[in-house]
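Student: Got a predicted structure plus its sequence, pasted below:
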Amino acid sequence: MNRSAHKQSSTGEKRVLKNVTFDELEIGNTASLTRTLSKRDTELFAAMSGDMNPAYMNEAYAAENSTYHGVIGHGMWSASLISTVLGTLLPGPGTIYMGQNVTFKKPVRLGDTVTVTVTVLEKKTVEKKSSKPVVVFKCSCTNSKGEIVAEGKATVLAPTEKVSLPWPEAPDVIVHNHIHSYSIIEACRDLKPIRTAVVHPVSTTTLEAALNAAQDRLINPILIGPRARILKAAEEGGMRISGLDIIDVEHSAAAAEKAVELAAHGRVDAIMKGSLHTDELMAAVVSSAAGLRTARHISHSYLMEVPTYHKPLIVTDAAINIMPDLAAKADICQNATDLWRVLFGMDKEPKVAILAAVETVNSKMQGTLDAAALCKMTDRGQITDCIMDGPLAFDTTISKSSSKDKGIISTVAGDTDILIVPDIEAGNILAKQLIFLGNADAAGIVLGARVPIILTSRADDLRTRLLSCALAVLMVEAKRTKMFK
């Protein structure tokens, strides 16, 4: 018969961490807790442990290759709940694990509810230099059908002094699983690498970015810059570039001009920024004599994956157009819309929000006037293949509760795909806030020229660099297959 039972409170009342000391423990004492396995649990466990087994993380792989034909939870997730019971309920605070054996009987699938129960089997005092309060527990984990999914025994040192503490708040954890980034890169696997002019790759960082993209079969790089400096960067970084084409030019401006020349004559499919300023590269691109201009304004788009937002975002323009007028903003919208459709479906229409400080049209705020005009241009077919609303403040674009509180009735509010900023300062500040405070991935690409232009930063990690190149690959493929009219 159980002499003591402990269960976690679910009433919402203020809880207290209390323990049961070695002297108080009796054979048969039990404690239990119940948990339901969620996708977030598997993500957190994978992030903590580093166990990225696709049987736990990849739904497509697990459905086709796993013994259980679907995603299951890490086995040690169930076992970790045993530790939770021992450390917080019975014996509770002050308990020290000495050993655990566990046998896994059945898989735990997403949505399964598991009840973990520990029962005192044995108390013994181990005499060495001093007596140790050793307790052996029987441990079992059962699912909602009453089936045992895991069982075993745990040996602990029980606390000898009473403890009573406020139950601490669990830390907030944001999971960034990069699902969309990986899927976009994977979409390029069956496509040919694009010929890419890499402009002035004279630092180890920029040269490495090009080589990484080449190794992943995204680009075939043509290195343009001072040969001696390129070779020195390769030597310093321990990189082998003997098989790559190098076009020797004197300086960065000449490198930019040569890359543009190659693109204008169809010898490369894309241009990639190296160790030079963006404005120096773009000066060569936008030159009327260069031959890369089209009927559209050139604009920059950030594809961002923000851990706290439910889907990818495009932020534009944060790098090229300083203070765009209405005509430029119309092209910025269309460039971003085309990019979004290439990435997420030509049969779909992205939701475009025109950002401003307020949600009403104000004659003293040019951004609100432009927003109203852009929406009307979309209604009249001057901007196509998107659903647009504005002016909208940032909070209403990403938060349904905020838009509801403000009485905003909109299919775009709270579910935005593309954010159009009023000027480069707003775009740059917003993008960098999302990157450095929001831990967002941000891949940059310049659109509206005859070839896409890949912009990477020294601060970008490998995944972001590859993603920027993948955007260019998919845009080149869209042009080749004439996806657009």
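Tutor: That came through, no problem. Numbers count the residues shown, from 1 in each chain.

Student: Secondary structure class of residue 372, three-state.
Tutor: Look at residue 372: counting by DSSP: H, G, I helix; E, B strand; the rest coil, its state is helix.

Student: Now it: closest residue in space, sequence neighbours ignored.
Tutor: Counting by C-beta to C-beta, 6 or more residues apart in numbering, residue 372 lies nearest to residue 361, which is 4.9 Å off, once chain neighbours are set aside. C-beta coordinates here come from the backbone N, C-alpha and C atoms, glycine included.

Student: Would you list the phi and psi of the one you found?
Tutor: Main-chain torsions, residue 361, degrees, to the nearest 10: phi -80, psi 130.

Student: Could you chop this protein up by domain?
Tutor: In terms of domains, the chain is parsed into 5-166, 179-480 (source: automatic domain parsing).

Student: which one of those domains has the lowest average pLDDT?
Tutor: Mean pLDDT is lowest for domain 5-166 out of the domains of the chain, coming in at a mean of 86.

Student: still on that earlier bit, for residue 172, find the nearest of the domains of the chain.
Tutor: Among these, the nearest to residue 172 by C-beta to C-beta is domain 179-480 (10.6 Å).

Student: And the strands in the stretch 101-250 of the chain, which stretches?
Tutor: Using DSSP state E, counting those that start in this stretch, the strands found in the stretch 101-250 of the chain span residues 113-127, 131-143, 148-157, 164-166, 194-199, 219-225, 245-248.

Student: I misspoke; the intended subject was the stretch 251-400 of the chain.
Tutor: Assigned by DSSP E, counting those that start in this stretch, the stretch 251-400 of the chain shows strands spanning 270-273, 299-305, 313-316, 351-355, 387-392.

Student: Deepest-packed of those strands, please.
Tutor: strand 270-273 (a mean of 28; mean count of other C-beta atoms under 10 Å).

Student: so what strands line up beside it?
Tutor: Strand 270-273 pairs in its sheet with strand 194-199 (parallel), strand 453-455 (parallel), by DSSP bridges.

Student: What ranges does the stretch 301-450 of the chain have for its helices?
Tutor: Assigned by DSSP state H, counting those that start in this stretch, the stretch 301-450 of the chain shows helices spanning 326-344, 366-379, 394-398, 400-405, 424-436.

Student: For residue 94, find the nearest of these.
Tutor: Comparing the helices of the stretch 301-450 of the chain under C-beta to C-beta, the one sitting nearest is helix 424-436, at 40.9 Å.

Student: What is the closest one packed up against?
Tutor: Using 3 or more C-beta pairs under 8 Å, 6 or more residues apart in numbering; DSSP states H and E, the elements in contact with helix 424-436 are strand 299-305, strand 313-316, strand 441-447.

Student: among these, which is nearest residue 410?
Tutor: Once the helices and strands packed on helix 424-436 are compared by C-beta to C-beta, strand 313-316 is nearest, at 16.6 Å.

Student: mind giving me JSON lines with the helices of the stretch 301-450 of the chain and columns for distance to residue 202?
Tutor: Formatted as JSON lines, the helices of the stretch 301-450 of the chain follow (distance: least, C-beta to C-beta, whole Å):
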{"stretch": "helix 326-344", "distance to residue 202": "29"}
{"stretch": "helix 366-379", "distance to residue 202": "40"}
{"stretch": "helix 394-398", "distance to residue 202": "38"}
{"stretch": "helix 400-405", "distance to residue 202": "47"}
{"stretch": "helix 424-436", "distance to residue 202": "25"}
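
Student: Reformat those helices as CSV; add distance to residue 267 and mean neighbour count.
Tutor: Shown next, in CSV, are the helices of the stretch 301-450 of the chain (distance: least, C-beta to C-beta, whole Å; neighbours: other C-beta atoms under 10 Å):
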stretch, distance to residue 267, mean neighbour count
helix 326-344, 23, 22
helix 366-379, 37, 19
helix 394-398, 41, 21
helix 400-405, 49, 14
helix 424-436, 31, 17
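
Student: Tell me which of those sits nearest to residue 304.
Tutor: helix 424-436 (5.7 Å).

Student: From the rest of the structure, what touches the closest one?
Tutor: 302, 304, 306, 313, 315-323, 355, 394, 419, 421, 440, 442 (C-beta atoms under 8 Å, 6 or more residues apart in numbering).

Student: Using PDB, write out every CA atom in that helix.
Tutor: Taking Å, rounded to 0.1, in the frame of the first residue of the first chain, the C-alpha atoms of helix 424-436 are listed here in PDB:
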ATOM      1  CA  ILE A 424      16.200  52.600 -46.500                       C
ATOM      2  CA  GLU A 425      16.700  53.800 -42.900                       C
ATOM      3  CA  ALA A 426      13.500  52.100 -41.700                       C
ATOM      4  CA  GLY A 427      14.400  49.000 -43.700                       C
ATOM      5  CA  ASN A 428      17.900  48.800 -42.500                       C
ATOM      6  CA  ILE A 429      16.900  49.300 -38.800                       C
ATOM      7  CA  LEU A 430      14.100  46.800 -39.000                       C
ATOM      8  CA  ALA A 431      16.200  44.100 -40.700                       C
ATOM      9  CA  LYS A 432      19.100  44.500 -38.300                       C
ATOM     10  CA  GLN A 433      16.800  44.400 -35.300                       C
ATOM     11  CA  LEU A 434      15.300  41.100 -36.500                       C
ATOM     12  CA  ILE A 435      18.800  39.700 -37.100                       C
ATOM     13  CA  PHE A 436      20.600  40.800 -34.000                       C
END
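
Student: Nothing else from me, thank you.
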